[in-house]
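Novice: next come a sequence and a model predicted from it.
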Amino acid sequence: MALSLRCFLRCGKNAVSAVRQRGFHRSVPAAAQVTVRDALNQAMDEEMERDERVFLMGEEVAQYDGAYKVSRGLWKKYGDKRVIDTPISEMGFAGIAVGSAMAGLRPICEFMTFNFSMQAIDQVINSAAKTYYMSAGLQAVPIVFRGPNGASAGVAAQHSQCFAAWYAHCPGLKVVSPWNAEDAKGLLKAAIRDDNPVVFLENELMYGVPFEMSEESQSKDFTIPIGKAKIERQGNHITMVSHSRFVGHCLDAAAVLAKDGIECEVINLRTIRPMDVESIEASVMKTNHLVTVEGGWPQFGVGAEICARIMEGPAFNYLDAPVTRVTGVDIPMPYAKILEDHSLPQIKDIIFSVKKTLNV
Amino acid sequence: MKAMLAIISNALCRITGKNVGAQTVSEGARVVVSRSFTDFTPQATFDIKQCDLHRLEEGPPLKAELTREQGLQYYRTMQTVRRMELKADQLYKQKIIRGFCHLYDGQEACAAGIEAAINRSDHLITAYRAHGYTYTRGVTIKEILAELTGRKGGVAKGKGGSMHMYAPYFYGGNGIVGAQVPLGAGIALACRYQGNNQVCVTLYGDGAANQGQLFESFNMAALWKLPCIFICENNRYGMGTSVERASASTDYYKRGDFIPGLRVDGMDVLCVREAAKFAADYCRSGKGPIVMELQTYRYHGHSMSDPGVSYRTREEIQEVRSKNDPITVLKERLLSNNMASAEELKDIDVAIRKEVEDAAQFATSDPEPPLEQLCNHIFCNNPPVEVRGTNPWSKLQSVS
């Protein structure tokens, strides 16, 4: 009797929850854990479905499902016409992608990593970025160049460079660097819908990381405006500005620092160019201290630009200390793990720099 | 006097039994009786040089038909380009045109012949020696010259200059040697993707023919059967380097390897037209890309800063001018077949000279673009953005 009662209760509980679930009729739960990879995949899928001019081309994007599986399932769904495997010809296929954009299509050109984009950089800069200006508005180039940027793990010097500063140097380009899944999806959708050349810098180490995505951010019309930073964590004592993977490092450092009573404001740039300097300035005018964190090299980098912009703007007078840049070490990336680990900002480096800046 | 001349002219017409067509009786000393249009041969067939073929069983036809209208049109086009380029030469020497200026005189048959063979809605892209194509693709002489002089009436509002002029279905004007070739293959990809039966003519020179990105483009175009006509305008010199000194193989029509090719006399507008028609039909039939080499010649040096005689002889230039000039070749055909009169052609010359002169007038008097527009056209369909000027206090605006 007790047994059957227990059974009934168990079933009954399930039955009740089943009834509750049945009432919703949602294909996707309210909030969901989505990896950055899947977020990118969804963004491309949704935009390809929405606009038949959108197509993807790059090495291994079709039948291999993408070198990092970012384009998994797209070839199966859309076929050869819209998901195109290219030969190993970066300069050639980047040029072809740009030409197709000039003639009315909306290509997504994938570089297997942005290191290989150097082979094609002339097409990105001279054929894509400058054309709308040179033609005084006669010829637009609605193209997205995307792929993993910056250091991976153990891939050594030729495969680990961060190109944020290189591309962000050039007028005519938009340069975007998402951190989490919501960034990845919203910004990629925005980039694809943008009528301008967008360099979309992903990060290989982030592909497999899951993040909670709000219901709103899962909508097919969810986009994030290019050129707007996001404050990931509010704080009063010091501003930390970062992009891509190191936003996570900053948040981890902030959690540790909070234990010491230091409240950090963490800004996720999201877009490198055009940079949302106003958000940084507003934050610095509140906290009076600024640390920039990036994976790229220090010289002529993203942090260097932020320093210059802060000096030229209203926030300079609010600084209680010079801006600190936390960057990758100024060397080609070594291979050995211990060397590689010490070539990029670690959480302890960020914590150290924050305390130094605050003089504590 | 006028009445008497009219009587004489009518009488002459009645005597010869011809229709009284358009008659001009000029007021003044000379009696000018124009021949009526039925005097002229309306159409003729000409033998044209056979093309060398690569991986092709058949080539373009060996005969070309030419109507009087077409003859006059090609003549007008080539003469306009010629005079426009010579005017640009003059303006450059007067320092009214600055920077780069790569002139096309001598190569007119290529631009005129290609345009005669393709549809306006086909696509065309070329390198920096682009003024001729800018004209044949529909930009007015005024807008071209005003762009060269950097005025707001230029086709790119003065922002582009010689190498960056654009029009519908014309993608410039490209400054980086060879970069236009993958672009052209990409335009062809768009044609195939959209299924619109259009082709893309992608031009490059004998110098660019050695660029790696060309071979990458050939490979992908062939792989994906892109409707791309790759055309090498071989004018024998890449800047100051002759083809023999630059290329291990100067058979540029064979450089596509697995892509069929043809080598064409680029100084004969009919040859160019027939070959381009052949190539366009080939591409439109879905067979994939094709390579064409046009053997042509430029009278000027590489650019206005190159006198063009340090690496070739004046005799060579003179020889081409006297034996092979594309305009002369056509003119002789028209005259010897009674398809036009010398006077008529002269009238056309005079009219063109005037048109070019008027355009040059405009190009020298039109104002430069206003400084407020300095930063415009960075982005398309974008809200206005702020652009940093030369110093931190200089905040400029960029409008789409």
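Specialist: Thanks, I have it.
Novice: would you double-check that B:E69 falls in a helix?
Specialist: Yes. The assignment for B:E69, made by DSSP: H, G, I helix; E, B strand; the rest coil, places it in a helix.
Novice: per-residue confidence for it?
Specialist: pLDDT for B:E69: 97.
Novice: count of neighbours near it?
Specialist: Residues near B:E69, counting by other Cβ atoms under 10 Å in any protein chain shown, number 11. Glycine gets a C-beta too; all of them are placed from N, C-alpha and C.
Novice: please apply the same query to B:L72.
Specialist: Using other Cβ under 10 Å, B:L72 has 18 neighbouring residues.
Novice: where does chain B have its least confident helix or strand?
Specialist: helix B:2-16 (a mean of 56; mean pLDDT, DSSP states H and E).
Novice: give me the distance from the following helix or strand past it to the chain's centre.
Specialist: The C-terminal neighbour of helix B:2-16 among helices and strands, as given by DSSP states H and E, is strand B:43-47. Averaging C-alpha positions (Cα atoms, centre = their mean, to the nearest Å) puts strand B:43-47 23 Å from its chain's average.
Novice: by contact count, what packs against strand B:43-47?
Specialist: In terms of contacts (3 or more Cβ pairs under 8 Å, 6 or more residues apart in numbering or on different chains; DSSP states H and E), strand B:43-47 is packed against strand B:63-67.
Novice: tell me the buried residues in the strand it packs on?
Specialist: For strand B:63-67, a neighbour-count test (16 or more other Cβ atoms under 10 Å in any protein chain shown) marks B:64, B:66 as buried.
Novice: interface residues of the stretch 51-200 of chain B facing chain A?
Specialist: Proximity of the stretch 51-200 of chain B to chain A, by Cβ under 8 Å from any Cβ of the partner chain, involves residues B:123, B:125, B:155-160, B:164, B:166-167, B:171-172, B:174-176, B:179, B:181-191, B:193-194, B:200.
Novice: 6 Å instead?
Specialist: Contact residues (Cβ under 6 Å from any Cβ of the partner chain) of the stretch 51-200 of chain B with chain A: B:156-157, B:159-160, B:164, B:166, B:171, B:176, B:179, B:182-183, B:185-187, B:189-190.
Novice: let me know the average pLDDT across stretch A:335-347.
Specialist: 97.
Novice: show me the strands in the stretch 101-250 of chain B, by range?
Specialist: Counting by DSSP state E, counting those that start in this stretch, one finds strands in the stretch 101-250 of chain B at the ranges B:123-125, B:200-205, B:228-234, B:237-238, B:241-242.
Novice: repeat that for the stretch 1-150 of chain A.
Specialist: A:32-35, A:54-58, A:83-85, A:106-110, A:144-148.
Novice: how far away from the center of its chain is the third one?
Specialist: Relative to the chain's own centre, strand A:83-85 is displaced by 23 Å; criterion: Cα atoms, centre = their mean.
Novice: ditto for the second one
Specialist: The chain centre lies 19 Å from the centre of strand A:54-58; the measure is Cα atoms, centre = their mean.
Novice: ok, for B:L145, nearest residue in space, not its chain neighbours?
Specialist: Sequence neighbours aside, B:A363 is the residue nearest to B:L145 in space, at 3.7 Å (criterion: Cβ to Cβ, 6 or more residues apart in numbering or on different chains).
Novice: how deep is that neighbour tucked in, by neighbour count?
Specialist: Neighbours of B:A363 under the rule other Cβ under 10 Å: 26.
Novice: so it lies in a helix, does it not?
Specialist: Yes. Remark: B:A363 belongs to a helix, assigned using three-state DSSP.
Novice: which ones are touching it?
Specialist: Neighbouring residues of B:A363 by Cβ atoms under 6 Å, 6 or more residues apart in numbering or on different chains: B:145-146, B:149.
Novice: got the residues of the stretch 51-200 of chain A near chain B?
Specialist: By the rule Cβ under 6 Å from any Cβ, the part of the stretch 51-200 of chain A lying against chain B is A:89, A:91-92, A:95-96, A:98-100, A:102-105, A:122, A:126-127, A:132-140, A:171-172, A:195-196.
Novice: which one (most neighbours) among the residues of the stretch 51-200 of chain B next to chain A?
Specialist: B:G186 (38 neighbours).
Novice: which SS class is the closest residue to B:K225 other than its chain neighbours?
Specialist: Distance criterion Cβ to Cβ, 6+ apart; nearest residue to B:K225, sequence neighbours excluded, is B:G288 at 3.9 Å. With three-state DSSP as the basis, B:G288 sits in coil.
Novice: what is the burial count for B:G288?
Specialist: 20.
Novice: now it: phi and psi?
Specialist: B:G288 has phi and psi values of phi 110, psi -160 when expressed as degrees, to the nearest 10.
Novice: where along the stretch 151-300 of chain B do the helices fall?
Specialist: For the stretch 151-300 of chain B, the helices defined by DSSP state H, counting those that start in this stretch occupy B:180-194, B:212-223, B:243-246, B:269-284.
Novice: how much space between B:D251 and B:T296?
Specialist: For B:D251, the distance to B:T296 equals 16 Å [Cβ to Cβ, to the nearest Å].
Novice: the two: which is more packed in?
Specialist: Set B:D251 next to B:T296 and count neighbours by other Cβ under 10 Å: B:T296 wins out with 27 against 13.
Novice: residues contacting the more buried one?
Specialist: Taking Cβ under 6 Å, 6+ apart as the contact definition, B:T296 lies against B:107, B:110, B:233, B:235, B:266.
Novice: kindly state the beta-bridge partners for A:E110.
Specialist: Counting by DSSP bridges, A:E110 forms beta bridges with A:R146.
Novice: burial of it, as a residue count?
Specialist: Counted with other Cβ under 10 Å, the neighbours of A:E110 add up to 28.
Novice: residues touching the nearest residue to B:R68 once chain neighbours are set aside, list them.
Specialist: Nearest non-adjacent residue to B:R68, counting by Cβ to Cβ, 6+ apart: B:M339, 4.9 Å away. Neighbouring residues of B:M339 by Cβ under 6 Å, 6+ apart: B:40-41, B:68, B:71.
Novice: I'd like these as TSV, with neighbour count appended.
Specialist: What follows is the contacts of B:M339, written out as TSV (neighbours: other Cβ atoms under 10 Å in any protein chain shown):
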residue	neighbour count
B:F40	18
B:T41	14
B:R68	18
B:G71	25
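Novice: closest to chain A among those?
Specialist: The nearest member of those to chain A, counting by Cβ to the nearest Cβ, is B:G71 at 32.9 Å.
Novice: so how far is B:A44 from that closest one?
Specialist: In this view, B:G71 and B:A44 are 8 Å apart by Cβ to Cβ.
Novice: tell me the pLDDT at the residue in the stretch 151-300 of chain A positioned nearest to chain B?
Specialist: Here the stretch 151-300 of chain A gets closest to chain B at one residue, A:D195, 4.3 Å apart by Cβ to the nearest Cβ. Listed pLDDT for A:D195 reads 98.
Novice: cool, the one 5 residues further on as well?
Specialist: Reading off the per-residue confidence, A:F200 sits at a pLDDT of 98.
Novice: what's the separation between B:E343 and chain A?
Specialist: Distance, B:E343 to chain A, by Cβ to the nearest Cβ, to the nearest Å: 40 Å.
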